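> Test case, fold it:
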Amino acid sequence: MKGAFIVTPPFQLAPLQALAPTDRIAFQQFGAGPTVQPSASQIHHAIQEWAARRPHTTAVEHLGAAMTYRELDHEATMLAGTLVDLGVRPGDRVGLFLTRSIPMVVGILAALKAGAAYVPQDIRITPAHHLRHIVRTAGIDVVLTTSEHQSDLPPELATVVAIDTAPGRPLTAPATGEVAMVIFTSGTTGQPNGVRVTHANLCNLLLTEPGSIGIGPGTRVAQLLNIAFDMAAWEILGTLANGGTLVIRGDDIQQAASRVDIVIATPSVLAGLDPDACRDVHTVAVAGERCPAALAETWSRRAAFHNACGPTEVTIVNTMCRHRPGQTPNIGRPVPNTTVYVLDDQLRPCPIGEVGEMWAGGACVTAGYLGNEALTAQRYRPDPFLGDGHIMFRTRDLGRWTSDGHLEHRGRTDDQVKVGGFRVELDAVTFALEQSQGCVRASTVLHDGRLVGFVSPATVSPELARRATELLLPYYCVPTLVIPVDRLPVTDRGKVDRRALLSALDTAETVA
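All right, here's what the predicted structure looks like:
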């Protein structure tokens, strides 16, 4: 796979021949992000640069404790020396099984300094059998944790090092590796798949606009998300690589958000925050799931609001848009040095305005699934538009280009269900429900062959919500049942938990 940053050469003309001339031009103009050179090729080198330039600037805060850039760099260097003594070498993977804390940040940087990739998991919520699967799949020999959580790890998992009590040894020979982190995502078999995210991938997003979202010295950024979620790397590494101060939350997520300038979150997490209590927040970025129009409208009136999209396999996000009040939400354009193609089922370019599946190319494309060559070959394909050995990734997101070159997200291919023989996109139904009076958030599931909508808050009228879908969608898209709830359940990664909604329905029917 190509590792160069400048990956937006003119598109190959042969795959575009079926398009009309105007669409052919637009497909190339819209589909390629600008060519920009990131300031570093290893993400921890950017952090080390801030330690040299601003050693006394606060790098990270957590529950009253703080660490400067000099202190962070020193502690990480000492821990990296310990890792090397334990046999960690460039290209290895180091487990990071703990909870949000300052030692967590030290552990991340230490693994990178040793040339290894870090593999994060929240020890409080990850089942023991998943930890064993991750250790086995990633070939992890050393796990970093804290003394608080040493006893929580399964026995005989790996060599365990408590970051807060490890003696440390200076790293004499700094190393570099290609892969920076391995993020495990849910798999269709029930076992998570490890996505290999490279330093080049991270530098391309986090060290260029708009992915750097204006972070700089003096900027305070919240760390709210589950550390195993790829967006947590946007919070942590995006802050430190740009000289900002990372504010790690405790149990009170609102308290942390009220003390920062920038919030990066899923729409579900953001919806749980009180905007009036976040008076210092001037920039917000959301991704991970579809953003409701009402949420974008509320926050864009008080902050620079960025709506972004992209699965883990294309490095956190690969498209972004600055949302303006009154604007129809969209997911914007490709970030620098990346490409987006809207293709049909035969991988042919769709005309501008036609819905198709989004494929991503260029510097966002990760290095595939760890230990799963078959799945890698299925989702990562040769890129016929860039050619020359480049790879593109199948996102399974549906989208279409608007006439002015913005992407509209139109749900997911795996969110398409059959109702009475008709194909229905669950996201389209959810969008319609959210147009009903008073509705802030909604979700839709297929249960026993019928559509069931959930609307929040509980004061939303189910009948008005049904009418909203009747006005916007064909009759077969109208939910049979609409259930008002105080708040939609979310997963540990901050997304609406459809499985919990289905379980609640099953329980209710059993009780009935």
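> what about the lengthiest helix in the chain, distance to the chain center?
Counting residues, the longest helix in the chain under DSSP state H turns out to be helix 69-85. With CA atoms, centre = their mean, to the nearest Å as the basis, helix 69-85 stands 27 Å off its chain's centre.
> Which other helices and strands does it contact?
The contact analysis (3 or more CB pairs under 8 Å, 6 or more residues apart in numbering; DSSP states H and E) places helix 69-85 against helix 43-53, strand 58-62, helix 102-113, strand 159-162. Any C-beta I mention is one placed from the backbone N, CA and C, and that applies to glycine too.
> tilt between the helix or strand following the longest one and helix 102-113?
Spelled out, that is helix 102-113. Sequence-wise, the next helix or strand downstream of helix 102-113 (DSSP states H and E) is strand 117-122. For strand 117-122 against helix 102-113, the angle between stretch directions is 160 degrees (axes from the mean of the first three to the mean of the last three CA atoms, to 10 degrees).
> Look up how far Gly177 lies from Ser41.
According to CB to CB, to the nearest Å, Ser41 stands 12 Å off from Gly177.
> if I look at those two, which residues touch both of them?
Common contact partners of Ser41 and Gly177 (CB atoms under 8 Å, 6 or more residues apart in numbering): His199.
> Between those two, tell me which one has more neighbours.
Applying other CB atoms under 10 Å to Ser41 and Gly177 shows that Gly177 carries more neighbours, namely 21 against 17.
> List the contacts of Asn277.
Rather than Asn, residue 277 is Ala. 254, 257-258.
> Neighbour count says what about these? Which are buried?
257-258 (16 or more other CB atoms under 10 Å).
> how much space between the nearest residue to Asp73 once chain neighbours are set aside and Leu343?
Once flanking residues are discounted, Asp73 sits nearest to Ala51: 3.8 Å by CB to CB, 6 or more residues apart in numbering. Using CB to CB, we find Ala51 at a distance of 44 Å from Leu343.
> what about the two, which has more around it?
Neighbours per residue (other CB under 10 Å) separate Ala51 from Leu343, with Ala51 holding more: 22 against 18.
> The more buried one is in contact with Arg70, isn't it?
Yes. Using CB atoms under 8 Å, Ala51 makes contact with Arg70 at a distance of 5.7 Å.
> quick one: which of the helices and strands packed on helix 69-85 is nearest Arg324?
helix 43-53 (30.6 Å; CB to CB).
> Could you name the helices and strands sitting against that closest one?
In terms of contacts (3+ CB pairs under 8 Å, 6+ apart), helix 43-53 is packed against helix 69-85, helix 102-113, helix 199-206, helix 230-240.
> With distance to Leu451 as added columns, please give those in a markdown table.
Shown next, in a markdown table, are those (distance: least, CB to CB, whole Å):
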| stretch | distance to Leu451 |
| --- | --- |
| helix 69-85 | 50 |
| helix 102-113 | 41 |
| helix 199-206 | 36 |
| helix 230-240 | 29 |
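> Can you show me the strands along the stretch 401-512 of the chain?
Here the stretch 401-512 of the chain has its strands, by DSSP state E, counting those that start in this stretch, at 407-412, 416-419, 422-425, 441-447, 450-456, 481-484.
> on that earlier part again, the longest helix of the chain - what's its average pLDDT?
For helix 69-85, mean pLDDT rounds to 97.
> ditto for stretch 203-217
Computed over stretch 203-217, the mean pLDDT rounds to 98.
> what's the neighbour count on the residue nearest to Gly238 when sequence neighbours are not counted?
Spatial nearest neighbour of Gly238, chain neighbours left out: Leu206 (4.5 Å); criterion: CB to CB, 6+ apart. A count of nearby residues for Leu206, using other CB under 10 Å, gives 26.
> cool, Asp276 as well?
The number of residues packed near Asp276 is 8, by other CB under 10 Å.
> in a strand, that's where it is, yeah?
No. Read with DSSP: H, G, I helix; E, B strand; the rest coil, Asp276 is helix and lies in no strand.
> Quick one: end-to-end length of stretch 344-362, please.
From its first residue to its last, stretch 344-362 covers 20 Å (CA to CA, to the nearest Å).
> Tell me the buried residues in that stretch?
Of the residues in stretch 344-362, those buried (16+ other CB under 10 Å) are 349-352, 356-362.
> Cross-check the contact I'm expecting between Phe385 and Leu13.
No. Between Phe385 and Leu13 no contact is recorded; they are 9.6 Å apart, counting by CB under 8 Å.
> between these two, who's got more neighbours?
Phe385 (25 against 10).
> Report the contact partners of the more buried one.
11-12, 15-16, 31, 339, 341, 361, 392.
> most neighbours, which of those residues?
For the contacts of Phe385, the largest neighbour count, defined by other CB under 10 Å, is 29 neighbours, found at Gly361.
> And the chain, split by domain according to the record?
43-265, 420-511 (automatic domain parsing).
> And those, which one averages the lowest pLDDT?
Lowest mean pLDDT within the domains of the chain: domain 420-511, at a mean of 87.
> quick one: that one to chain centroid distance?
When distances are taken as CA atoms, centre = their mean, domain 420-511 is centred 24 Å away from the chain's centroid.
> same thing with stretch 252-260?
For stretch 252-260, the distance to the chain centre is 20 Å (CA atoms, centre = their mean).
> For that stretch, which outside residues touch it?
Contacts to stretch 252-260, defined as CB under 8 Å, 6+ apart, come from residues 220-224, 247-250, 263, 269, 272-274, 277-281.
> List only buried entries from those residues.
Using 16+ other CB under 10 Å as the burial test, those include 220-224, 247-249, 263, 269, 272-273, 278, 281 as buried.
> now for these, which pair is the farthest apart?
Every pair of the buried ones among the contacts of stretch 252-260 checked by CB to CB; the farthest is Arg220 and Gly272, at 19.7 Å.
> quick one: Glu425 from Leu473, how far?
According to CB to CB, Glu425 and Leu473 sit 10 Å apart.
> try His409
From His409 to Leu473 the distance is 17 Å (CB to CB).
> now swap in Val281 and tell me
Taking CB to CB, one finds Val281 at 35 Å from Leu473.
> same question, Glu297
Using CB to CB, Glu297 is found at 22 Å from Leu473.
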